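**Student:** Turn this into a model:
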Amino acid sequence: MSTTTIESHQREFFGHPAGLFVLFFTEMWERFSYYGMRAILVLYLVSKTGGDNGGLGWTNGEALALYGWYTMMVYVMSVPGGYIADKFLGQKKSVLIGGVLLLIGHSVLAVEHMWAFYSGLVFIVLGVGMLKPNISTMVGGLYKKGDIRRDKGFTIFYIGINLGAFLSSLIVGYVGEVYGWHYGFGLAGIGMAFGVTQYYFGQKYLTHVGNYLGDTAESSVVMKAPLTKIEKDRVVVLLISFLLVILFWGAFEQAGGLMNIYTMDKTDRMLGDWLVPASWFQSINAMFIIFFGTTVAMFWANRKLKGKVSSSLFKMIMGLIIMGLGFFFMTAATAQYEATGSSAMYWLIFAYLFHTIGELCLSPVALSYITKLSPVKYGSIMMGVYFAMTGFGSKLAGLLGEWSESLGEMTIFTGIASTSVGIGLIVLLFRKKLEPLTHGVEDNEA
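**Tutor:** Here you go, the predicted structure:
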C-alpha cells in the first residue's frame with residue numbers, strides 16, 4: 001500500500017475520518033430525493049383529478065394503503081441488498097449501484113403516465129434496498145472497535161440525512177404543490193444525480209472501507225467460521241431491539257401518511273393571508289434534528305462520562321417513550337378540531353418536537369448498535385434486517401392510517417401514544433437482564 005493511500009485513510013476533518021463526509025453528502029442527496037418524493041406522494045394520490053395540478057383522486061384509505069406497502073418494500077429490500085453486498089459485491093459497489101437505480105427511479109416518476117409512476121416506485125425500492133443498509137455499514141467501518149467517536153459519527157451522518165430531508169420537504173414540496181407534482185418528482189431526481197456524482201469522485205477517501213471481504217483467504221476463514229456463543233447472544237439482543245424499531249417506526253411514519261393528510265385537511269395553516277403548504281410540515285422533524293442532533297448526542301456522552309445509564313438499549317427505550325408522548329399532542333389537536341372545526345399548527349410542531357427527540361435517541365443509536373454487535377460476516381445483512389424492521393413499521397403505520405377512517409384520528413393517535421409509552425416501560429423493566437447478553441461490547445469505549 002502506498003504512503004499516499006495510507007495518508008488518505010488517516011486524513012480527518014473535524015476530528016472524524018474524511019470518508020464520513022463523503023458518505024454524509026451521499027446520504028444527504030439520497031434523502032433529499034427520497035423525502036422530497038415522500039412529502040408529496042400521499043398528497044398527489046389524494047388530490048382531485050383535473051386542473052393544472054391534478055392528482056390521482058384516490059381515497060385516503062387507498063393512498064395510505066399504497067404508502068404503507070411502498071415504504072415497507074423500500075426497507076424490506078435492504079435484506080437482499082445487504083446479502084448481495086456481503087456475498088458478492090461489497091458495500092462500496094452496492095451503494096453506487098443503488099444510487100444509479102434511485103436516479104433512474106426518481107427521473108421516471110417525472111413522466112406523467114401511470115406506467116412511469118409504478119415503474120419509478122419499483123426502481124426506488126430496488127435502489128434504496130442496495131444503498132441504505134450498505135452506506136450505514138460503511139459509516140461503522142470508518143471507526144475501530146472501542147472508538148467512542150462512532151456514536152458521534154453516526155449522529156453527524158444522521159444530521160446529513162435530515163439536512164437532505166429538510167431541504168427537500170421545502171423545495172420539492174413547494175414545487176410539487178405549486179407548479180406540478182411531476183416537477184417535484186423530477187427535482188428529486190436531480191438531487192440524486194448530485195449524490196451519485198459526489199460519491200463516485202469521493203472514492204479516494206473510502207479505499208479501506210466497504211470492500212468485498214471474500215477476496216482474501218483470511219477473510220474467507222472469517223466468513224465460513226460458525227458463530228461463537230458471544231456472537232449468538234449479541235444477535236439475540238439485536239433481534240429483541242428490532243421489536244422496538246417496528247413499534248417506533250409504526251408510530252413515527254404517521255408523519256408521511258395520516259399526519260400529512262390531517263395537516264392538509266384539518267389544520268388551520270393560514271399565516272396572515274398566506275396558506276402554508278401542507279408538505280412543508282414534513283420539514284419540521286428534519287429541522288429539529290439539525291438543531292438538536294449534537295445536543296442530544298452530547299447529553300448522552302455526558303451521562304456516560306458521569307457513570308450514569310447511557311447504554312444503547314436504554315437510549316432506544318427512552319426514544320420510543322418520548323416519541324409516544326408526542327402523539328398526545330395530536331390527541332389534543334383532534335379534540336380541538338372536533339370542538340371548533342380546525343386545529344392549530346402548534347399541536348403539530350409540539351408533536352414533531354417530541355418525535356424528533358425520540359428519533360435522535362433511537363435511530364442513529366440503533367445504526368451504531370448494529371455495527372457494534374453484528375458478526376463481521378453478517379454486517380450488511382443485519383443492517384438490512386434492521387431496515388426491514390423499519391419497513392414493517394412503515395407498513396404498520398399505513399394500516400393504522402387506514403383504520404383511522406373507521407376508528408377516527410383521536411382513537412388512533414391516543415392508541416399509538418399509550419401503546420408506545422406502555423411497551424417502552426415494560427422493556428425498561430427487563431433492560432438489566434438483556435444488556436449482559438452484549439458481553440460488554442460498549443464497556444471499553446473511550
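
**Student:** is it fair to say residue 56 lies in a strand?
**Tutor:** No - using DSSP: H, G, I helix; E, B strand; the rest coil, the assignment for residue 56 is coil, not a strand.

**Student:** so how far is residue 199 from it?
**Tutor:** Residue 56 sits at a distance of 33 Å from residue 199 (criterion: C-beta to C-beta, to the nearest Å). Just so you know, the C-beta spots here come from the backbone N, C-alpha and C atoms, and that holds for glycine as well.

**Student:** Now do the contacts for the closest residue to residue 374 other than its chain neighbours.
**Tutor:** Leaving aside its sequence neighbours, residue 374 sits nearest to residue 382 (C-beta to C-beta, 6 or more residues apart in numbering; 4.0 Å). Shown here is residue 382, whose contacts under the criterion C-beta atoms under 8 Å, 6 or more residues apart in numbering are 82, 235, 238, 370, 373-375.

**Student:** now with 7 Å?
**Tutor:** By C-beta atoms under 7 Å, 6 or more residues apart in numbering, residue 382 lies in contact with 238, 370, 374.

**Student:** can you check residue 145 too?
**Tutor:** Here residue 145 is in contact with no residue (C-beta under 7 Å, 6+ apart).

**Student:** Specify the local secondary structure of it.
**Tutor:** Classification of residue 145 using three-state DSSP returns coil.

**Student:** Could you measure from it over to residue 310?
**Tutor:** Here the distance between residue 145 and residue 310 works out to 19 Å (C-beta to C-beta).

**Student:** just to revisit the earlier point, out of residue 56 and residue 199, which sits in the busier spot?
**Tutor:** More crowded of residue 56 and residue 199, by other C-beta atoms under 10 Å: residue 199, with 23 against 16.

**Student:** Going along the chain, name the strands of this protein.
**Tutor:** Taking DSSP state E as the criterion, the chain contains strands spanning 12-13, 16-17, 270-271, 274-275.

**Student:** Could you list every helix and strand that the second one packs against?
**Tutor:** Going back to what we said before, that points to strand 16-17. Other helices and strands packing on strand 16-17, by 3 or more C-beta pairs under 7 Å, 6 or more residues apart in numbering; DSSP states H and E, are helix 149-178.

**Student:** Show me what the helix it packs on packs onto, helices and strands only.
**Tutor:** Using 3+ C-beta pairs under 7 Å, 6+ apart as the contact test, the elements touching helix 149-178 are strand 16-17, helix 18-46, helix 114-141, helix 181-201, helix 282-305, helix 345-373.

**Student:** do you know which of the strands of the chain lies nearest residue 328?
**Tutor:** strand 270-271 (25.0 Å; C-beta to C-beta).

**Student:** sorry, back to before: highest average neighbour count across the strands of the chain?
**Tutor:** Comparing the strands of the chain by mean neighbour count (mean count of other C-beta atoms under 10 Å), strand 16-17 ranks first with a mean of 21.

**Student:** quick check, nearest of the contacts of residue 382 to residue 254?
**Tutor:** The closest of these, once distances to residue 254 are taken by C-beta to C-beta, is residue 370, at 24.6 Å.

**Student:** low-scoring stretches of the protein, by residue?
**Tutor:** By pLDDT under 70, the weakly predicted segments of the chain are 1-14, 51-53, 213-221, 223-224, 444-446.

**Student:** if we can go back for a sec, using a markdown table, lay out the helices and strands packed on helix 149-178 together with distance to residue 92.
**Tutor:** Converted to a markdown table, the helices and strands packed on helix 149-178 look like this (distance: least, C-beta to C-beta, whole Å):
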| stretch | distance to residue 92 |
| --- | --- |
| strand 16-17 | 14 |
| helix 18-46 | 10 |
| helix 114-141 | 7 |
| helix 181-201 | 9 |
| helix 282-305 | 26 |
| helix 345-373 | 16 |
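
**Student:** Residue 69 is nearest to which of the ones you listed?
**Tutor:** Short answer: helix 114-141, nearest of the helices and strands packed on helix 149-178 by C-beta to C-beta, at 9.6 Å.

**Student:** helices or strands next to the closest one in the packing?
**Tutor:** Looks like helix 114-141 contacts helix 18-46, helix 60-76, helix 78-84, helix 91-109, helix 149-178, helix 345-373, helix 379-407 (3+ C-beta pairs under 7 Å, 6+ apart).

**Student:** Show me which of those helices has the highest average neighbour count.
**Tutor:** Highest mean neighbour count of the helices and strands packed on helix 114-141: helix 18-46, a mean of 26 (counted as mean count of other C-beta under 10 Å).

**Student:** could you say what helices and strands that helix packs with?
**Tutor:** helix 60-76, helix 91-109, helix 114-141, helix 149-178, helix 181-201, helix 258-266.

**Student:** Can you add distance to residue 228 and give these back as TSV?
**Tutor:** Below are the helices and strands packed on helix 18-46 laid out as TSV (distance: least, C-beta to C-beta, whole Å):
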stretch	distance to residue 228
helix 60-76	29
helix 91-109	23
helix 114-141	20
helix 149-178	22
helix 181-201	35
helix 258-266	44
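
**Student:** so residue 420 touches residue 322, yeah?
**Tutor:** No - at 9.1 Å, residue 420 and residue 322 do not qualify as touching, with contact defined as C-beta atoms under 7 Å.

**Student:** measure residue 233 to residue 57 for me?
**Tutor:** Residue 233 is 53 Å from residue 57, by C-beta to C-beta.

**Student:** Looking at those two, which is more packed in?
**Tutor:** Using other C-beta under 10 Å as the criterion, residue 233 and residue 57 rank with residue 233 on top: 17 against 13.

**Student:** That one: what's it in contact with?
**Tutor:** 437, 439.

**Student:** any idea how far it lies from residue 435?
**Tutor:** Per C-beta to C-beta, residue 233 is found 11 Å from residue 435.

**Student:** Then residue 202?
**Tutor:** Taking C-beta to C-beta as the measure, residue 202 falls 37 Å from residue 435.

**Student:** now residue 187
**Tutor:** As judged by C-beta to C-beta, residue 187 and residue 435 stand 45 Å apart.
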